[in-house]
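J.: A predicted structure for the sequence below; I have some questions about it.
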Amino acid sequence: MKLQLVGCSHHTARLELRERIAFSPEQTRAALGALRVRFPDIEAVVLSTCNRVEIYTATEAEVGPSHQDVVQFLAEFHGLDPYDLFDDLFERTGEDAVRHLFYVAASLDSMVVGEPQILSQVKQAYETATTLESTGQLTHAVFQAALKVARRVASETSINQRRTSIPSVAIHDYAKQIFERFDDKQVLVIGAGEMGEETLRYLTDEGARKVTIVNRSPEKAAELAAAFNGRAAPWEQLLELLVTADLVISTTGSTEPIVTRKQFDQIEPRRFQRPLAILDLAVPRDFESSIGECLGVYLYAVDDLAKACEKNRKAREKEWPAAERIIEEETARFMAELNHRATAPTIRRLRETCEEIKELEYRRLVNKLPDLDEGVQEEIHQSFNRLVNKMLHPPLESLREGATTGEHHGLLDALKRLFKIGD
Amino acid sequence: MLSGITVTCFAASYAVALLLEISRLFFQSGVRAAVLIGFMVAGLFAHTWFLGMQVVAGAPGGAPLASWFDWFLVAAWVLVVVYLYLAAYHPKNPIGLFLLPVVLGLIGVAYLFDDRPFPVNRASQVWGTVHGVSLLLGTVVVILGFIAGVMYLVQSYRLKHKLPPSDRFKLPSLEWLETTINRSIAISTLLLAAGVLSGVILNVAIRVGRGASGLGWNDPVVWTSGLLFGWLMAAWIFSALYRPARQGRKVAYLTFATFGFLVLTLAVVLWAPSDHPASTGKISDFRFQISDWATGNLKSEVCNLKSTGHGGSV
């Protein structure tokens, strides 16, 4: 049995290359079909995300498609020159491939370590391959084990509970401490910057529906509003919108505060001290810091959120050894099971051979001694059984031990040759 | 063996659970939640068994659970049930850190009081039960609102000071706490209104039905209960008319004031000179010393005592 992966990730390849060899869902299905045509005896799974493109192949035979074969396939599929790709694509085989998949599924190899999306992406890749009958015994085993390992890492460590990006910390560590739900909250986005968009994405994932965007450039506001089913409002309505807002995300590039304390004081009585969360993600700040002193106002600037990110990052680092330990433990367990499975046919054949010899000799002996009564015959039969079992026990035990430590290949080969056992 | 269950048994279980809640602040543990719930369930079982024994013991001679001792233990029992419910839905929130000290406090106060059952007057038992149960549940809801108020202020302080949530100390959101506080104010107002009104009806019924003098309207227990009810009504009206009182920290302050009025009322009931049977009777000449809102055995008993020549002058 051989498991291999060829691919690239954000660790090894530039974004441009990753974009060129990425697979859309339709392309993934087409690629799996093309792989089956080119390598009929292999199992294959294609994992393609923003940060990685990996092709997992497995075969029952000793030799599967080589690194070069897979690179050639990738290049041909995307209409590229294989020489342009070869150096950027890495290869992992056997135990290293298993360990790598476990790291990926548990989100330890992600750009934002602990982000939860990767697990569903791995699951999706496996399900697509299974639907197209591209998976087999080995890929089933390794992908199911990877999903189990990821869940174990998630439940036994808090590595994926620590958010380290400013938008995710802003929503999960602060906004969700203030509001229980977001579907009935008025969200006001000031500015149409990238950070605001990302924060809004987290917020809509949490159920935010009532989104209003104000921007100096109305076109950009309209564009962002369309993307999030929100509405764009003129810049002049900013203060009026602050009266009804529950959550404000501000990301303008203004060099001066766009809302001063004096301006806020004018609208504050109309808010009736209703809680207001302000995520000021702009540098320099969009809201004067003294606004945070007003009753019911919870104001967070980038620096505040960055400190929380740093704290989470450090906490996550503390969790890393525990997560790594789980992966090493699970990899060793998986490999031992896999090796036991690999030795099973040889053990079965060896037992069958010995049984055949034993039965043959026993029959011969009984035929030569026809006067033996049934009790004696049974005794002799039992004795033959014990002899075979005792003879086989030491080599099989050594083989099992070898399978646990991964040193079974030599023993397996020797047994096959010594007892003339074929595959 | 179960007959040997005492207050100490379940109080010890709750105390261990509180220590486990406190340990959240210092380290993480995968088994703590299960152990904590185990102690709470064991404590609740012992608590329930103990109250059951009190019912059996109290039934022949008087109304069940009809003493200050029982009254506080029942209030603590209701709070423990609420705690287990909240712990199941919010396992990561250290609600017990705020709620269990109150439970232990109630058990401690119960321990200070006599557990002699009140004499029962069947005529006033129905209104007395409504009176007592409403006030008992109203008290529990006021306590829950107060605890939610404390949690609101702690959470608000943490968020104002930009403290990120910690795995060891994670409180519910401000919105959830605010909703809980508002509901507790509304529910406790209704329950205490029912308690006070049933008390009035009870007193009037005694006066009209038996021609007895009843409880004086200027009795300290009457006017402090009226004060508590009046405060809750005022708080309700205030909230309806003044929007800031319905949201933010002001809601939490309302629960503090309500809790203060409740403590004042209980203190007056327990220690002030009063003709109310729930008072200790230290000043009055009544032969029985401890009585209860729950039994409603007001002046009628006094009349009985007077008519048989056993009672003293009022």
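T.: Good, I have the coordinates.
J.: In contact with A:H140, which residues?
T.: A:T130 (CB atoms under 8 Å, 6 or more residues apart in numbering or on different chains). Using the backbone N, CA and C atoms, a C-beta is placed for each residue, glycine as well.
J.: Relative to chain B, how far out is it?
T.: To chain B, A:H140 is 30 Å away according to CB to the nearest CB, to the nearest Å.
J.: That residue - that's part of a helix, no?
T.: Yes - with DSSP: H, G, I helix; E, B strand; the rest coil as the criterion, A:H140 is part of a helix.
J.: State the pLDDT value of it.
T.: Looking at A:H140, its pLDDT stands at 94.
J.: neighbours around A:I21, how many?
T.: 22 (other CB atoms under 10 Å in any protein chain shown).
J.: How much space separates it from A:K123?
T.: As for A:I21, its distance to A:K123 is 22 Å (criterion: CB to CB, to the nearest Å).
J.: Likewise for A:P370?
T.: 66 Å.
J.: Between these two, tell me which one has more neighbours.
T.: A:K123 (15 against 6).
J.: Next one, pLDDT for A:A322 please.
T.: 90.
J.: could you say which helix or strand contains it?
T.: helix A:302-368 (DSSP states H and E).
J.: now A:R274
T.: A:R274 belongs to no helix or strand, assigned by DSSP H and E.
J.: And for B:L232?
T.: Using DSSP H and E, B:L232 falls in helix B:220-241.
J.: I'd like to know if that helix reaches chain A anywhere along the stretch.
T.: No - Helix B:220-241 lies out of reach of chain A by CB under 8 Å from any CB of the partner chain, never closer than 11.6 Å.
J.: Count the residues that sit near the residue in the stretch 101-250 of chain A that chain B sits nearest to.
T.: Of all residues in the stretch 101-250 of chain A, A:E180 sits closest to chain B, at 4.2 Å by CB to the nearest CB. Around A:E180 there are 16 other residues, counting by other CB under 10 Å.
J.: Would you mind measuring from the residue of chain A most remote from its centre to A:Q377?
T.: In chain A, counting by CA atoms, centre = their mean, A:D371 sits farthest out from the average C-alpha position, at 70.4 Å. Going from A:D371 to A:Q377 by CB to CB gives 11 Å.
J.: where does chain B come near chain A, residue by residue?
T.: B:28, B:30, B:155, B:158-160, B:162, B:164-165, B:167, B:171-176, B:179, B:243-244, B:247-250.
J.: Repeat the analysis, applying 6 Å as the threshold.
T.: Contacts of chain B with chain A, taken as CB under 6 Å from any CB of the partner chain, map to B:159, B:162, B:164-165, B:173-176, B:243-244, B:247-248.
J.: Arrange the residues you listed in TSV, one row each, with secondary structure, pLDDT and neighbour count as further columns.
T.: Formatted as TSV, these follow (DSSP: H, G, I helix; E, B strand; the rest coil; pLDDT from 0 to 100; neighbours: other CB atoms under 10 Å in any protein chain shown):
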residue	secondary structure	pLDDT	neighbour count
B:L159	helix	92	21
B:K162	coil	86	17
B:P164	coil	75	20
B:P165	coil	73	18
B:S173	coil	92	19
B:L174	helix	92	25
B:E175	helix	92	19
B:W176	helix	92	19
B:R243	helix	70	14
B:P244	helix	68	17
B:Q247	coil	72	20
B:G248	coil	74	23
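J.: The residues you listed: which two are farthest apart?
T.: The span of these, defined through CB to CB, is set by B:P164 and B:R243 at 30.6 Å.
J.: Report pLDDT for the residue positioned nearest the centre of chain A.
T.: Per CA atoms, centre = their mean, the C-alpha nearest to the average position across chain A is that of A:A105, at 2.5 Å. pLDDT, A:A105: 94.
J.: was I right about it contacting A:A150?
T.: Yes - with contacts counted by CB atoms under 6 Å, A:A105 reaches A:A150, the gap being 4.1 Å.
J.: list residues touching both of the two?
T.: A:L119 (CB atoms under 6 Å, 6 or more residues apart in numbering or on different chains).
J.: quick one: low-confidence ranges for the stretch 201-314 of chain B?
T.: For the stretch 201-314 of chain B, the stretches with pLDDT under 70 are B:206-217, B:244-246, B:272-314.
J.: ok, residue 268 - how many residues close by?
T.: In the absence of a named chain, chain A is used. 19.
J.: To clarify, I was referring to chain B.
T.: By other CB under 10 Å, the residues close to B:V268 number 23.
J.: which residues in the stretch 151-300 of chain A form helices?
T.: A:166-168, A:176-178, A:194-205, A:218-227, A:238-244, A:261-271 (DSSP state H, counting those that start in this stretch).
J.: The fourth one - contacts with which helices or strands?
T.: Helices and strands touching helix A:218-227, as assessed by 3 or more CB pairs under 6 Å, 6 or more residues apart in numbering or on different chains; DSSP states H and E, comprise strand A:210-214, strand A:231-233.
J.: try 8 Å
T.: Contacts defined by 3 or more CB pairs under 8 Å, 6 or more residues apart in numbering or on different chains; DSSP states H and E place helix A:218-227 against helix A:194-205, strand A:210-214, strand A:231-233.
J.: quick one: contacts of the last one?
T.: Spelled out, it's strand A:231-233. Contacts of strand A:231-233 (CB under 8 Å, 6+ apart): A:211-215, A:218, A:221-222, A:224-225, A:241.
J.: next one: the second one
T.: Under the contact criterion CB under 8 Å, 6+ apart, strand A:210-214 has outside partners A:183-190, A:192, A:200, A:203-204, A:221, A:224-225, A:228-235, A:237-238, A:241, A:245.
J.: Pull out the buried residues from these.
T.: A:185-190, A:192, A:200, A:203-204, A:221, A:224-225, A:228, A:230, A:232-233, A:238, A:241, A:245 (16 or more other CB atoms under 10 Å in any protein chain shown).
J.: give me phi/psi at A:I55?
T.: In terms of degrees, to the nearest 10, the main-chain angles of A:I55 are phi -110, psi 120.
J.: Verify the contact between it and A:L5 for me.
T.: Yes - assessed by CB atoms under 8 Å, A:I55 is found in contact with A:L5 at 6.6 Å.
J.: Find the residues that touch each one of these two.
T.: Counting by CB under 8 Å, 6+ apart, nothing touches both A:I55 and A:L5.
J.: got the buried residues for stretch A:389-403?
T.: So for stretch A:389-403, counting by 16+ other CB under 10 Å, buried means A:395-396, A:399-400, A:402-403.
J.: Would you list the phi and psi of B:L25?
T.: According to degrees, to the nearest 10, B:L25 has phi -70, psi -20.
J.: Hmm, B:D167 and it touching each other?
T.: No - B:L25 is beyond contact range of B:D167, at 10.5 Å (criterion: CB under 8 Å).
J.: element containing the closest residue to B:P91 other than its chain neighbours?
T.: Counting by CB to CB, 6 or more residues apart in numbering or on different chains, the nearest residue to B:P91 once its immediate chain neighbours are dropped is B:A33, at 5.8 Å. Using DSSP H and E, B:A33 sits within helix B:32-58.
J.: Which strands or helices does that helix pack on?
T.: helix B:7-23, helix B:68-89.
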